[in-house]
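In: okay, structure incoming, though there's no sequence with it:
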């Protein structure tokens, strides 16, 4: 296992430059304590403690769970930013503001790909909230002092201090549309969604990830990404992205020992079958030189998120010109060629859920982005998300990850069909309490008889 893989196995979902490279403004006289105290006073009133109540299906039945997280108010009317994973599947969002008042909040929108969410606190007519200012990512420098604010371990509000360790950290497998700020300011479970604050009292990032491997190794989503996502959540309630099916790889990849001498273009690591790129004839190993006339030079991993963002902003449903070289060397300009692809809208990152309660299992819609392996076997359908053990589905030999094909000979084409068949079977009091379920497992059909007469626990 590579060092990077070891690091991310332990990740938990859990200030700006003021004068040259000086960490504090010259008029301050360098009094760090006074400056950081002033910055704390500016932002701390806007920090909120979140306790969302979420609905989970992983254990084979619908369960209500309560989590803890943080957020920061960014407008006087009570808009607040937090992490998507903090409010994921929330049916109720409870907040505690700095004045000690408990409030409810509603979800404006969330984006799983960047792990950001926008909520709005309930307020009385004419009421305003203390709010924090978002800084500019370009002003942040490695080595400057910062504070991480939030509610670690559910302990309401706290603040820790450190420095920015890196301003352009690439985190593989983390969304792919942005780089990260790395900091050594202590971040623990519950800090997620809280602000990373500079010495001028500006929010330069949203704390999102931390490591349990020892040492203070934490990551925040930069303010420019926060601003971009918030604008789209305000407008659309979600982030609409184009999908091309192209997976990118830099020309210089130290971990994979891949190095190309050229500095033009970016390597196509792979293409999703049936995607717009696949239909246009784009394939792995080719070099993308430009998209709609814009250069796409990706030398290192740090260049890839910006190129992913470029592809995601292509006009949906309109032809896009892509200039390619047949291989990654890209030495012969006479071999360059152009193709047209038509991006489609990227679907939701999650499918819907349903609780087959008497069968002691929960099912979920297959999603291309969340369940790529299942999607390979069945592009649209339903799979078993979780099972209660002991339970009727487990006793029948069913497994989590099985793709439902038929129930009592009736095809399960989507989640609504599964819901309808299950409810009809449940409503038939005269029938034998058994159902024949056909599933795909590893591409092979399996047949199981679920006897749902036995009852387990509270079912």
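Out: That came through, no problem. Bear in mind that the values here come from a model prediction, so they are computed numbers and not experimental data. Numbering: from 1, shown residues only.

In: in the longest strand anywhere in the chain, what counts as buried?
Out: Secondary structure of the chain per DSSP state E: the longest strand is strand 158-169. Neighbour-count burial for strand 158-169 flags 158, 159, 160, 161, 162, 163, 164, 165, 167, 168, 169 (criterion: 16 or more other C-beta atoms under 10 Å). For the C-beta atoms, the positions are set from N, CA and C on the backbone; glycine is no exception.

In: okay, now the domains of the chain?
Out: 1-240, 242-345, 353-451 (automatic domain parsing).

In: quick one: distance of the last one to the chain centre.
Out: Right, domain 353-451. On the basis of C-alpha atoms, centre = their mean, to the nearest Å, domain 353-451 sits 27 Å off its chain's mean C-alpha point.

In: same question, the first one
Out: In terms of C-alpha atoms, centre = their mean, the gap separating the centre of domain 1-240 from the centre of its chain is 14 Å.

In: just the helices in this protein please.
Out: Applying DSSP state H to the chain gives helices spanning 3-9, 32-43, 84-87, 223-236, 276-279, 304-312, 372-377, 392-395, 415-427.

In: ok, which of those comes nearest residue 210?
Out: helix 3-9 (11.4 Å; C-beta to C-beta).

In: mean confidence score for that closest one?
Out: Averaged across helix 3-9, pLDDT comes to 42.

In: returning to that earlier point: could you dump the buried residues of strand 158-169 to JSON lines with pLDDT?
Out: Listed next are the buried residues of strand 158-169 as JSON lines, based on pLDDT from 0 to 100:
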{"residue": "158", "pLDDT": "83"}
{"residue": "159", "pLDDT": "88"}
{"residue": "160", "pLDDT": "88"}
{"residue": "161", "pLDDT": "90"}
{"residue": "162", "pLDDT": "92"}
{"residue": "163", "pLDDT": "94"}
{"residue": "164", "pLDDT": "96"}
{"residue": "165", "pLDDT": "95"}
{"residue": "167", "pLDDT": "96"}
{"residue": "168", "pLDDT": "95"}
{"residue": "169", "pLDDT": "94"}
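
In: in the residues you listed, find the pair that's most separated.
Out: 158 and 168 (27.8 Å).

In: circling back to that earlier point, now, of the helices of the chain, which is deepest in the fold?
Out: helix 84-87 (a mean of 24; mean count of other C-beta atoms under 10 Å).

In: what does the average pLDDT come to for that one?
Out: Taken as a whole, helix 84-87 has an average pLDDT of 94.

In: and that helix, what does it pack onto?
Out: Helices and strands touching helix 84-87, as assessed by 3 or more C-beta pairs under 8 Å, 6 or more residues apart in numbering; DSSP states H and E, comprise strand 47-56, strand 69-73, strand 102-111, strand 116-121.

In: returning to what we had before: packing partners for the longest strand of the chain?
Out: Counting contacts by 3+ C-beta pairs under 8 Å, 6+ apart, strand 158-169 is packed against strand 145-150, strand 180-183.

In: so which of those is nearest residue 224?
Out: For residue 224, the closest of these is strand 180-183, at 10.7 Å, according to C-beta to C-beta.

In: parallel or antiparallel, list what pairs with the closest one.
Out: strand 158-169 (antiparallel), strand 218-222 (antiparallel) (DSSP bridges).
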